[in-house]
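Novice: Sharing a sequence plus its predicted fold:
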Amino acid sequence: MSASDSTLFTLNETATLLWEAADGSASLEAIVAATICPQYEVEYYEALEDAEVFAQQLASYGILILAKEAKTISAPGMATEKQNP
């Protein structure tokens, strides 16, 4: 649903996968490589281009905020940096 005018959007299967994976913890590139390409046997750069267009469309409606990079999310008690043994 659009934040600006309450328009309801219906997503196809691929768009739904992207939407559900867009939680801020993975980049769009990582989502495409790990989710879209294996599921649909599509070339990475073709899928990435389509995903970028989709993300821009969602952002233009105010229902997705685009970040320059994915955020690191950690649970309490988890180290955020790799520890050397």
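Specialist: Looks like it arrived, so ask away.
Novice: Quick test: name the residue nearest the centre of this protein.
Specialist: residue 22 (3.1 Å; Cα atoms, centre = their mean).
Novice: Tell me where the longest helix sits in the chain.
Specialist: In the chain, taking DSSP state H as the definition, the longest helix is helix 44-60.
Novice: Would you mind checking the average pLDDT for that helix?
Specialist: Here helix 44-60 scores 93 as its mean pLDDT.
Novice: Make residue 1 into 46 and carry on from there
Specialist: Okay, using 46 as the starting number, the last item reads as helix 89-105.
Novice: Specify the local secondary structure of the closest residue to the residue nearest to the centre of the chain other than its chain neighbours.
Specialist: Spatial nearest neighbour of residue 67, excluding adjacent residues (Cβ to Cβ, 6 or more residues apart in numbering): residue 109 at 6.5 Å. In this view, the C-beta of every residue, glycine as well, is placed from N, C-alpha and C. Assigned by DSSP: H, G, I helix; E, B strand; the rest coil, the conformation of residue 109 is coil.
Novice: And residue 109, how far from residue 87?
Specialist: For residue 109, the distance to residue 87 equals 21 Å [Cβ to Cβ, to the nearest Å].
Novice: Which other helices and strands does the longest helix of the chain contact?
Specialist: Here helix 89-105 touches helix 58-66, helix 73-76, helix 82-85, going by 3 or more Cβ pairs under 8 Å, 6 or more residues apart in numbering; DSSP states H and E.
Novice: cutoff 7 Å now
Specialist: helix 58-66, helix 73-76 (3 or more Cβ pairs under 7 Å, 6 or more residues apart in numbering; DSSP states H and E).
Novice: Pop out the phi and psi values for the residue nearest to residue 67.
Specialist: phi -150, psi 130 (degrees, to the nearest 10).
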